[in-house]
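Trainee: Sequence and predicted model, in that order:
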Amino acid sequence: MLRNRRSELLAAFVLILPFVVIYGWMFVYPTIQMVRLSFTDAPLIGEGKYVGFKNYVRMFKDPVFRKAVWNTAYFVALTVVPGTAVALLIALMVSRLKGWLQSVILAAFFLPYILPVTVVYVIWDWMTNVQFGMLQGAIEWVAGRPVNVWRTIPWFMPGVAVITIWWTNGFSILLFLAGLRNIPAELYEAAQLDGATRWQMFTRVTWPLIWPVTVLCLTIQLILQLKIFDQVYLFAVGGRTQATMVLVQYIYEQAFQKNAGGYSATIALALFVIVVTFSVLQFQILRIRGQR
């Protein structure tokens, strides 16, 4: 038995060794280097001298960093819960369709997800163009005048949030559809026999059974939106970029435009802590709520 146990442990070690090596090389080592770099004044490439907690003191006093944190939090509030709710609503509607029609509608909703961000930028920049954009009619109806969405600060972040929900919701819709298809039809039949309304069937049958999928979608969306960069950077080019600065964009600016490797590593480490903390916290809170 002892020999068999040793053989099993040896086999397990051999099987997981490639993953451990790659994970350590691609994630653990760079993370350690980032922590080390955050205590120096090093440029992006090259060594620097040790400065202690100077970068951290500078970060907490930096008004642009605080603005970037606020903009990132604002964007998360605009996208995570609303985007998940929209994905659930679309999945509920698509699940009622049958055959080829369901496939066509699902493909239409999933198509934006496979588009590169540059294509998304070109499409929406064209549709919101002040002179000929097809959406300017709706914008003028709301605002009372044509609005250059990407040069108007109050409109900028909500506009990017709408585009992000449109662009990324396809994956969440697929997850919700998979969860809905795993609910036994017998439960709905029993609820109908008991005289349950559609709302009661949703709140008492559908919602509790797809809660794990909802937790997964919210967690994935939170991680993705905390790392927002591409859309904000593209739509803010030529505009008031500091007013719309987000954390990853600020890291990019410090590292690649100002050659401040040590300070950019400090901001990156702060973002890493924020992502891990809030992701784990949200996942655990939602999981505990689902067990009640």
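Mentor: Arrived safely, thanks for sending.
Trainee: I'd like to know which elements the helix or strand hosting residue 179 is packed against.
Mentor: According to DSSP states H and E, residue 179 maps onto helix 153-181. For helix 153-181, the packing partners by 3 or more C-beta pairs under 8 Å, 6 or more residues apart in numbering; DSSP states H and E come out as helix 63-95, helix 99-110, helix 117-127, helix 211-226, helix 230-235. Every residue, glycine included, has its C-beta placed from N, CA and C.
Trainee: what about those, which gets the closest to residue 146?
Mentor: helix 117-127 (13.3 Å; C-beta to C-beta).
Trainee: Any stretches of this protein with poor pLDDT?
Mentor: 1-3, 238-240, 289-292 (pLDDT under 70).
Trainee: Quick test: name the residue nearest the centre of it.
Mentor: Geometric centre of the chain, nearest residue: residue 224, 2.0 Å, by C-alpha atoms, centre = their mean.
Trainee: who touches it in this structure?
Mentor: By C-beta atoms under 8 Å, 6 or more residues apart in numbering, the contact set of residue 224 is residue 168.
Trainee: surely residue 50 meets residue 37?
Mentor: No. With contacts counted by C-beta atoms under 8 Å, residue 50 stays clear of residue 37, the gap being 10.7 Å.
Trainee: So the two - more neighbours on which side?
Mentor: The residue with more neighbours, out of residue 50 and residue 37, is residue 37; 23 against 11, by other C-beta atoms under 10 Å.
Trainee: How about the more buried one, nearest residue that isn't a chain neighbour?
Mentor: residue 265 (4.0 Å; C-beta to C-beta, 6 or more residues apart in numbering).
Trainee: now swap in residue 106 and tell me
Mentor: residue 94 (5.5 Å).
Trainee: thought the one you found was touching residue 105?
Mentor: Yes. Using C-beta under 8 Å, residue 94 makes contact with residue 105 at a distance of 5.6 Å.
Trainee: neighbour-wise, which of these two wins?
Mentor: residue 94 (20 against 14).
Trainee: Let me see the contact set for the more buried one.
Mentor: 102, 105, 106, 109, 173, 177.
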